[in-house]
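Asks: here is the input, now give the coordinates:
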Amino acid sequence: MADSVHVLHVDDDPDLRGLVSEFLEREGDQFNISTAASATEGLQHLADDSHVIDCIVSDFDMPHTDGIEFLRSVRDAYPQLPFILFTGKGSEEVAADAISAGATDYLQKGGGTEQYKILANRCQNAVDQYRSQRQASEHKRITEVLRNVNRALIYADSVADIEQDICGTLSDADPYLTACIAGVDADTMRIEPRTWAGADAGYFEMLDICIDVGSTGRHAPSGRAYHKREIAISQDISADDRYEDWREQAIKRGFQALAVVPLEYNETLHGLLAVFADRRYAFDDQEQNLLTELGQDIAHAMHAQQVQTDLRDREQILDEILERTTVPMFLKNRKGEYILVNEQFRALFDLADTEVQGQTDSDLFDPETVAEVQENDQEVLETGDPIETEEQINVDGDQRVYLSSKTPFYDIGTVADPDDPVAIFGVASDITDRD
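Replies: Below is the predicted model of the structure:
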């Protein structure tokens, strides 16, 4: 069976409305006909059910508002929706006006049932073309959204950057008006908006939603997305009782539909992404799949950024420890090349970083010192066990005794081996003057 085609037939003649409905549905099981007795009623029907109307068939000669005026009103709100003027008052002038006003097709009423076959064919062709164009437009829009989101994720330097860029990108994309990323306070179970962008985004500053079990917000989209960890939708905020407490302020800002997506990665929730749309029923299956995919990508990127931030923080702490400690410390690879040394090491031998990194003990010390140090290093590399031993080190002609603790490292970031040490980390304490 072909995809259903929902036709809105507008005609002030009740008998003709019945005939058109009967014959169109007889011409094909795919046709589903709704009727309206006037342009005003037709516009109201569109306002209520525009998400399911595929084509309009309208008479021309109707009281108060004729078919051309009705067409212009439709085009103001629905520029691409197929509109066929089906009228008994045929003239070149009416046809020209209809085409000029944006009619998809024009068909003059006649006698017999053949006209209904022609009308059915015109409706089907118009809808097929409309759907193809809309599909192409949707593909372009989705591709653009994905490209812009991925670009934002790639170039973001922090979780805050991700949130700001994502909210900005989505709020600029049709059919969204505004976007927000929020957290949930684990103690109060209240939604805590963190970042937002778009039209009337100040809505989030005044938002007060508790999603605890038993609360009203538990059944709102935010509560459902949080507790079920899946996308939650309000397709028509004006008629959704679950959003009643927040409906007035949302509608005042033109928010017609809402989707909330959990940003979850590896069972860790990084936030909730909420997007408001400017039309009802904006979140069809394709849109929900898009947002779900985006949610997964965003959560993954937020996780990766958080890992990088944690690593940078740990590196900064380790750098502080390394530089502020009062004993020399060093890291050498298997070749004996120094990878890093701390301030105490550099000061002890009066060397700069550039004079140490990449150098070996043979470049820095006398042969006797080198032999002793390398022998101890080799023991650590071969056994994989840490050692603590005394080493004789010549410092500016003064023979000093150091208690060296040397530990094998199996991963230094650029090189790793689970079986054999790839580097040695050492700490040397001067014990020359100890009794």
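
Asks: contact partners for Val5?
Replies: Gly28, Gln30, Phe31, Asn32, Asp54, Cys55, Cys123, Gln124, Val127 (C-beta atoms under 8 Å, 6 or more residues apart in numbering). The way it works is simple: take the backbone N, C-alpha and C, and place the C-beta from them, glycine included.

Asks: how does it look with 6 Å?
Replies: The contact partners of Val5, taken as C-beta atoms under 6 Å, 6 or more residues apart in numbering, are Gln30, Phe31, Asp54, Val127.

Asks: and Leu170, how far is that from Ile53?
Replies: 27 Å (C-beta to C-beta, to the nearest Å).

Asks: helices of this structure, start to end?
Replies: 14-27, 39-49, 67-77, 92-101, 114-155, 159-171, 221-228, 244-252, 285-324, 343-349, 353-356, 361-364, 367-383 (DSSP state H).

Asks: these two touch, right, Asp366 and Asn394?
Replies: Yes: counting by C-beta atoms under 6 Å, Asp366 touches Asn394, with 5.2 Å between them.

Asks: quick one: contacts of stretch 176-192?
Replies: 163, 167, 170-171, 193-196, 198-199, 201, 204, 209-212, 222, 226, 271-278.

Asks: how does it look with 7 Å?
Replies: Residues outside stretch 176-192 that contact it (C-beta atoms under 7 Å, 6 or more residues apart in numbering): 163, 166-167, 170-171, 193-201, 204, 207, 209-212, 222, 226, 254-255, 271-278.

Asks: between the two ends of that stretch, what distance do you get?
Replies: 21 Å (C-alpha to C-alpha, to the nearest Å).

Asks: for stretch 407-422, same thing?
Replies: 11 Å.

Asks: buried residues of that stretch, list them for me.
Replies: If you call a residue buried by 16 or more other C-beta atoms under 10 Å, then stretch 407-422 has these buried ones: Thr407, Pro408, Phe409, Pro421, Val422.

Asks: the third one against Gly426, yeah?
Replies: So that's Phe409. No: shown here, Phe409 and Gly426 do not form a contact pair, counting by C-beta atoms under 7 Å, at 10.3 Å.

Asks: where does pLDDT dip in the stretch 301-435 of the chain?
Replies: Along the stretch 301-435 of the chain, the model assigns pLDDT under 70 to residues 435.

Asks: this protein - how does it break down into domains?
Replies: Structural domains annotated on the chain: 5-133, 156-307, 325-430, as defined by automatic domain parsing.

Asks: need those domains in a markdown table with distance to Asp313, can you?
Replies: Shown next, in a markdown table, are the domains of the chain (distance: least, C-beta to C-beta, whole Å):
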| stretch | distance to Asp313 |
| --- | --- |
| domain 5-133 | 48 |
| domain 156-307 | 10 |
| domain 325-430 | 16 |
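
Asks: for those domains, which one sits closest to Arg147?
Replies: domain 156-307 (9.7 Å; C-beta to C-beta).

Asks: circling back: buried ones among the contacts of stretch 176-192?
Replies: For the contacts of stretch 176-192, buried by 16+ other C-beta under 10 Å: 163, 166-167, 170-171, 193-198, 200-201, 204, 207, 209-211, 222, 226, 255, 271-278.

Asks: just those residues: which are in strands?
Replies: Judged by DSSP state E, those include 193-198, 271-277 as members of strands.

Asks: in CSV: the residues you listed, plus pLDDT and distance to Leu340.
Replies: Listed next are these as CSV, based on pLDDT from 0 to 100; distance: C-beta to C-beta, whole Å:
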residue, pLDDT, distance to Leu340
Pro193, 95, 43
Arg194, 95, 37
Thr195, 95, 38
Trp196, 95, 43
Ala197, 94, 42
Gly198, 92, 47
Gly271, 96, 37
Leu272, 97, 42
Leu273, 97, 41
Ala274, 96, 46
Val275, 96, 47
Phe276, 96, 51
Ala277, 94, 53
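
Asks: pick the one among those residues closest to Asp417.
Replies: Gly271 (38.2 Å).

Asks: show the contacting residues for that closest one.
Replies: Here Gly271 is in contact with Ile181, Ala182, Gly183, Arg194, Leu263 (C-beta under 7 Å, 6+ apart).

Asks: ok so, going back, return the member of the helices of the chain having the minimum mean pLDDT.
Replies: Note on the helices of the chain: lowest mean pLDDT is at helix 353-356, with a mean of 82.
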